[in-house]
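J.: can you look at this prediction? I've put the sequence above it.
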Amino acid sequence: MNEKEFYKAEDLATKLEVNIMTIYRYIKSGRLKAHKIGKEFRIAKDEFERFLKNTSTR
């Protein structure tokens, strides 16, 4: 079985040392793909890695 790992938006805000609203803006703009489950956003680990790769050299 292939289970993906997911992060909560709050986890990424802590990891990147940014405000949670920054993560929400990335999601709303489409720069970071997320799944909304209930009231929380979940971001797949591979999606987060893609996001970092595409934004780290700007």
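T.: Yes, it's here.
J.: from here on, just use CA atoms for contacts and neighbour counts.
T.: Noted.
J.: for the longest strand seen in the chain, name the packing helices and strands.
T.: When the chain is parsed with DSSP state E, its longest strand is strand 40-44. The contact analysis (3 or more Cα pairs under 8 Å, 6 or more residues apart in numbering; DSSP states H and E) places strand 40-44 against strand 6-8, helix 9-16, strand 35-37.
J.: what bits of this structure have low per-residue confidence?
T.: Scanning the chain for pLDDT under 70 picks out 1-3, 56-58.
J.: which ones are touching the spatially most central residue of the chain?
T.: Among the residues of the chain, the smallest C-alpha distance to the mean C-alpha position (Cα atoms, centre = their mean) belongs to residue 43, namely 4.5 Å. With contact taken as Cα atoms under 8 Å, 6 or more residues apart in numbering, residue 43 is in contact with 6, 7, 8, 9, 32, 33, 34, 35.
J.: please repeat the previous calculation with a cut-off of 6 Å.
T.: Contact criterion Cα atoms under 6 Å, 6 or more residues apart in numbering gives 6, 7, 34 as the residues in contact with residue 43.
J.: that older thread, and the angle for the longest strand of the chain with helix 9-16?
T.: With axes from the mean of the first three to the mean of the last three Cα atoms, to 10 degrees defining the directions, strand 40-44 sits at 60 degrees from helix 9-16.
J.: could you export strand 40-44 as PDB, CA atoms only?
T.: Output in PDB follows, covering the C-alpha atoms of strand 40-44 (Å, rounded to 0.1, in the frame of the first residue of the first chain):
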ATOM      1  CA  GLU A  40      -7.800  22.100   7.900                       C
ATOM      2  CA  PHE A  41      -5.600  22.100   4.800                       C
ATOM      3  CA  ARG A  42      -3.300  19.200   4.200                       C
ATOM      4  CA  ILE A  43      -0.300  19.400   1.900                       C
ATOM      5  CA  ALA A  44       1.300  16.200   0.500                       C
END
